[in-house]
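In: Sequence first, predicted coordinates after that:
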Amino acid sequence: MTTLRISTRSIFESGTGQLGTLQSQIAKTQMQLSTGRKMITPSDDPIASARALEVTQSQSINTQLSTNRDNAKSSLSQVELALQNTTALIQDVQTLVVNAGNGALSQADRESIATELEGRLQDMLGVANTADGAGGYLFSGFKATTLPFTQTTTGAQYNGDQGQRELQVGSSRKVPISDSGSSVFENNKTGNGTFQTAADPGNLTRGGTGIISSGAVADASMINGHSYQIDFQVTGGTTTYTVTDTFDGTVLTATPQAYESGKQITVGGMAFDIKGAPADLDSFTVVPSQKESIFTTLTNLLNTLRSPGTGPAEQAALTNRLNQANDNLNNSLDNVLSVRASIGARLKEIDYLDSTGDDLNVQYEATLNDLQALDNVAAISLFTQQQFTLEAAQKSFKTLSGLSLFNFIG
């Protein structure tokens, strides 16, 4: 019979090693309970750890996009407020234009209106140069720190560019958070948006009282971008006119046409009328609409209000220029409202992306919970079992280590 001899050293090494393993296991379970996570190190579950890292990174990106959306909403809200103020200013100026057209007003009355209009012009410049609260300006494009507009004798000069600053607000979506000052304050069509009518300034000196309407498109297919001039002749008390295409000098009226106040005139697909009594050699023009800055419109309007307007010819010239200013103001208002509609659409899209981002965050949290969350009931049960096992091992080791032959020798 072979006798297995175990040295005291082996007994102690084996016992302490086993106790160390049990203590490590219970320490790990205790760590899981304190953190609420079943994976303490990636080695616990390499596949789940890698997946959790991917989800965490996606969640971080989603959080950053949410921050970007908050910043975008803040910037767009500032732009919307500025455009709201611009809308109110234009409407105020339109009211002043209507008041200024009252034939009963004296030159002093119109001067008072002009003084009020100067205040509106300065207010408009202030809105156009609104700061963004971050050391820049709302309407300077990519030249964020450049003052967008500086006043000139003819209106204002735009110092920015055409850029629109953008922010990434979705995984594959960037939203413009600004609009250039040029697109807001200078992208305004003159006249009725297709063509502009005007009276020759010389009509005033000739004593003519003709007033030309803004007109409307009669046949869009015939509009060719040409300019036209209507020239009047007064002979023996009879007033006639001829129409000339100034693009190539072609006279479109084979014979002078008899003039009737208020009767519609159609040329090149455009219809308008002239009222009043044009003088001999008076003329009117019809040209394609151009873009005009709101500041140019307001400056021209100021000059109009400060021009003499007491006699019939002066009143007619004033009315023609006021009508022209009112048309341009209408187009400026339409342009601002169009930009505001664009801002509203962007804000609505950001709200939609916010909702989508919140849903994604819930999904990420659920996925991480599945990958990392600890089953507390099972962990507590395991921890209790490990405690019993460790206590039993400690007692048995104590008993075993205390055995000695010398204990039985008297």
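Out: Done, it's in. Numbers count the residues shown, from 1 in each chain.

In: Scan the protein for its longest helix.
Out: helix 312-372 (DSSP state H).

In: how far does that one sit from the chain's center?
Out: Averaging C-alpha positions (C-alpha atoms, centre = their mean, to the nearest Å) puts helix 312-372 6 Å from its chain's average.

In: That one packs against which elements?
Out: helix 46-100, strand 166-170, strand 173-176, strand 195-199, helix 202-206, strand 211-212, helix 294-305 (3 or more C-beta pairs under 8 Å, 6 or more residues apart in numbering; DSSP states H and E). Where you see a C-beta, it was placed from the backbone N, CA and C, and this is true even at glycine.

In: how does it look with 10 Å?
Out: helix 46-100, helix 107-128, strand 166-170, strand 173-176, strand 195-199, helix 202-206, strand 211-212, helix 294-305 (3 or more C-beta pairs under 10 Å, 6 or more residues apart in numbering; DSSP states H and E).

In: Kindly reformat these as CSV containing distance to residue 223 and mean pLDDT.
Out: Listed next are these as CSV, based on distance: least, C-beta to C-beta, whole Å; pLDDT from 0 to 100:
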stretch, distance to residue 223, mean pLDDT
helix 46-100, 27, 89
helix 107-128, 32, 95
strand 166-170, 36, 90
strand 173-176, 32, 91
strand 195-199, 8, 96
helix 202-206, 26, 93
strand 211-212, 18, 97
helix 294-305, 24, 95
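
In: Now tabulate those in JSON lines and tack on mean neighbour count and distance to residue 281.
Out: Listed next are those as JSON lines, based on neighbours: other C-beta atoms under 10 Å; distance: least, C-beta to C-beta, whole Å:
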{"stretch": "helix 46-100", "mean neighbour count": "16", "distance to residue 281": "28"}
{"stretch": "helix 107-128", "mean neighbour count": "17", "distance to residue 281": "27"}
{"stretch": "strand 166-170", "mean neighbour count": "18", "distance to residue 281": "56"}
{"stretch": "strand 173-176", "mean neighbour count": "16", "distance to residue 281": "52"}
{"stretch": "strand 195-199", "mean neighbour count": "24", "distance to residue 281": "13"}
{"stretch": "helix 202-206", "mean neighbour count": "17", "distance to residue 281": "6"}
{"stretch": "strand 211-212", "mean neighbour count": "24", "distance to residue 281": "16"}
{"stretch": "helix 294-305", "mean neighbour count": "22", "distance to residue 281": "23"}
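
In: Turn those into TSV, including distance to residue 265.
Out: Below are those laid out as TSV (distance: least, C-beta to C-beta, whole Å):
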stretch	distance to residue 265
helix 46-100	25
helix 107-128	30
strand 166-170	48
strand 173-176	44
strand 195-199	10
helix 202-206	16
strand 211-212	9
helix 294-305	24
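
In: who wins for proximity to residue 141 among the ones you listed?
Out: Of all the helices and strands packed on helix 312-372, it is strand 173-176 that lies closest to residue 141, at 10.8 Å by C-beta to C-beta.

In: after the closest one, next one along is what?
Out: Going down the chain from strand 173-176, the next helix or strand is helix 181, by DSSP states H and E.

In: What lies in contact with stretch 335-353?
Out: 65-66, 68-70, 72-73, 75-77, 79-80, 82-84, 86-87, 89-90, 167, 169-171, 173, 175-179, 183-189, 193, 291, 294, 357 (C-beta atoms under 10 Å, 6 or more residues apart in numbering).

In: Please repeat the previous calculation with a cut-off of 8 Å.
Out: Contacts of stretch 335-353 with the rest of the structure, by C-beta atoms under 8 Å, 6 or more residues apart in numbering, involve 65, 69, 72-73, 76-77, 79-80, 83-84, 86-87, 90, 169-170, 173, 175-177, 179, 183-184, 187-189.

In: Flag every buried residue along that stretch.
Out: Neighbour-count burial for stretch 335-353, counted by 16 or more other C-beta atoms under 10 Å, picks out 335, 336, 339, 340, 342, 343, 346, 347, 349, 350, 353.

In: CA atoms only: put it into CSV for me.
Out: In CSV, the C-alpha atoms belonging to stretch 335-353 read as follows (Å, rounded to 0.1, in the frame of the first residue of the first chain):
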residue,chain,number,x,y,z
ASN,A,335,-38.8,89.0,-49.3
VAL,A,336,-38.4,89.3,-45.6
LEU,A,337,-41.6,87.2,-45.1
SER,A,338,-40.1,84.6,-47.4
VAL,A,339,-36.9,84.4,-45.3
ARG,A,340,-39.0,84.2,-42.2
ALA,A,341,-40.9,81.3,-43.7
SER,A,342,-37.6,79.6,-44.4
ILE,A,343,-36.5,80.1,-40.8
GLY,A,344,-39.8,78.6,-39.5
ALA,A,345,-39.3,75.6,-41.7
ARG,A,346,-35.8,75.1,-40.3
LEU,A,347,-37.0,75.4,-36.7
LYS,A,348,-39.7,72.9,-37.4
GLU,A,349,-37.2,70.4,-38.9
ILE,A,350,-35.0,70.8,-35.8
ASP,A,351,-38.0,70.0,-33.6
TYR,A,352,-38.6,66.9,-35.6
LEU,A,353,-34.9,65.9,-35.3
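
In: now it: mean pLDDT?
Out: What stretch 335-353 shows for mean pLDDT is 94.

In: Could you break the chain into its assigned domains?
Out: Structurally, the chain divides into domains by automatic domain parsing as follows: 64-190+290-393, 195-289.

In: Can you tell me which of the ones you listed is nearest to residue 51?
Out: domain 64-190+290-393 (5.9 Å).

In: What distance do you get for residue 171 to residue 165?
Out: Applying C-beta to C-beta, to the nearest Å, the value for residue 171 to residue 165 is 20 Å.

In: Just want to know which of those two has more residues nearby.
Out: residue 165 (18 against 13; other C-beta atoms under 10 Å).

In: which residue sits closest to the more buried one in space, ignoring its chain neighbours?
Out: residue 178 (4.6 Å; C-beta to C-beta, 6 or more residues apart in numbering).

In: Hmm, residue 138 and that neighbour touching each other?
Out: Yes. Using C-beta atoms under 8 Å, residue 178 is in contact with residue 138, at 6.1 Å.

In: Pull up the overlap in contacts between those two.
Out: 75, 79, 132.

In: Can you give me the neighbour number for the closest residue to the first one other than its chain neighbours?
Out: So the one you mean is residue 75. Nearest non-adjacent residue to residue 75, counting by C-beta to C-beta, 6+ apart: residue 177, 4.0 Å away. By other C-beta under 10 Å, 24 other residues sit near residue 177.

In: Perfect, that will be all.
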